[in-house]
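**Q** Sequence first, predicted model second:
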Amino acid sequence: MKRDLVSFALWNREDLEDVFRLTRMLQAPDAAGWRPLEGTTAALVFEKASLRTRVSFEVGVVQLGGHPLFLQQETIGISTRESVHDIGRILSEYCALIVARTLRHQTCAQLADSATVPVINAMTDLVHPCQILADVYTLMERGRFTPATRVVFLGDGNNIVNSWLEFAAKIPVHLVCACPSGYEPHPRVLEEAQSTGVSRIEMTGDPVEAVRDADVVYTDVWPQSGPGVDEGRRVKVFKPYQVNKALLKHTHKDCLVMHRLPANRGEEITSDVLDSARSVVHQQARNRLHVQKGVILKLLNVSR
């Protein structure tokens, strides 16, 4: 029976730990040159522009011996030229794997339902599971991930927060979400994570109290302005949540700073913090490559 990574909802702790084990195995010197995907093709279906996600998946597939096929929205016309159902069925005839970066989560879920090969969520508006796997693996490499690790997210309760919540429902961690009123994470995702009792999960609107004694401070871009959006109000609402030197004075002195990138420097995070020794953003980005290869092997049931 084929499996997907659309979210962490249908994954358990053993599944997640398997990905981390596979990632460590792939990083071992004796794994260099191993090509388990020789002769196979992976379809990369992208509705959104991308740097890290596209490159890390393309390079990862190549390193495993496969061939990545990049398909933009302009090429295949998801839900315009072709139905999501037909795209999933047709790509399954040609490819061993589908990686989907879609605007709507439902599109990725529909692809997974229709495809007969594994589908990996490379980011939707609801969740971003591959990013959080890379984040946790980065903390593990730093020896900074335990059930007591206080991970504090500041800003918009977006897909990053939702995936952290889903992860916290499987593996224990101390997760604090500091979001302005009206910008909290998805209520169902939050409720389900809290109901498991696996992790300590806190919600607050006070960024200073949130980061007090934090081991990790995580932020992401603020919601962008657009038609009908008061830019001045947007900045006023989110400015207290900016990750800067003043705010970090309330954390542990060795607190790490995380950001999925790309960052709007001077908005949700200042350049001096993003480029500081505390920042692990490039390690996070690097680990996207390794962890995603682990996910691919897990879903294709490949062992060595």
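**A** That came in fine, so what should we check first? Numbers count the residues shown, from 1 in each chain.

**Q** May I ask which helix or strand encompasses Ala43?
**A** strand 41-46 (DSSP states H and E).

**Q** That strand pairs with which strands, parallel or anti?
**A** Strands that pair with strand 41-46, judged by DSSP bridges, come out as strand 67-72 (parallel), strand 97-101 (parallel).

**Q** Can you list the buried residues in that strand?
**A** Ala42, Ala43, Leu44, Val45, Phe46 (16 or more other Cβ atoms under 10 Å). (Glycine included, C-beta is placed from N, CA and C.)

**Q** Contact partners for the last one?
**A** Looking back up the chat, that one is Phe46. Thr53, Arg54, Phe70, Leu71, Gln72, Gln73, Ala100, Arg101, Ala122 (Cβ atoms under 8 Å, 6 or more residues apart in numbering).

**Q** Ok, the second one next?
**A** By Cβ under 8 Å, 6+ apart, the contact list for Ala43 reads Leu69, Leu71, Leu91, Tyr94, Cys95, Leu97, Ile98, Val99.

**Q** Got the confidence number for the fifth one?
**A** Pointing back at Cys95 there. Listed pLDDT for Cys95 reads 98.

**Q** what phi and what psi does the backbone show at it?
**A** Here is the backbone geometry of Cys95 (degrees, to the nearest 10): phi -120, psi 160.

**Q** wait, isn't it in contact with Val117?
**A** Yes - in this structure, Cys95 is within contact of Val117 by Cβ atoms under 8 Å, at 6.2 Å.

**Q** Test my guess that Ala96 contacts Thr41.
**A** Yes - in this structure Ala96 lies within contact range of Thr41 using Cβ under 8 Å: 6.5 Å.

**Q** joint contacts of the two?
**A** Common neighbours of Ala96 and Thr41 (Cβ under 8 Å, 6+ apart) are Gly66.

**Q** how about His252, secondary structure?
**A** coil (DSSP: H, G, I helix; E, B strand; the rest coil).

**Q** Please name the residues that touch it.
**A** Asp213, Ala214, Asp215.

**Q** ok, now how distant is the first one from Gly205?
**A** In this structure, Asp213 lies at 18 Å from Gly205, with Cβ to Cβ, to the nearest Å as the measure.

**Q** Give me the more crowded residue out of the two.
**A** Gly205 (15 against 10; other Cβ atoms under 10 Å).

**Q** Without its sequence neighbours, what residue ends up closest to that one?
**A** Counting by Cβ to Cβ, 6 or more residues apart in numbering, Gly205 lies nearest to Ser181, which is 6.0 Å off, once chain neighbours are set aside.

**Q** I'd say that neighbour and Thr204 touch.
**A** No - checked against Cβ under 8 Å, the pair Ser181 and Thr204 is beyond contact range at 11.0 Å.

**Q** Comparing the two, which residue is more hemmed in?
**A** Thr204 (13 against 7).

**Q** ok, now how distant is that one from Pro240?
**A** In terms of Cβ to Cβ, Thr204 sits 12 Å off from Pro240.
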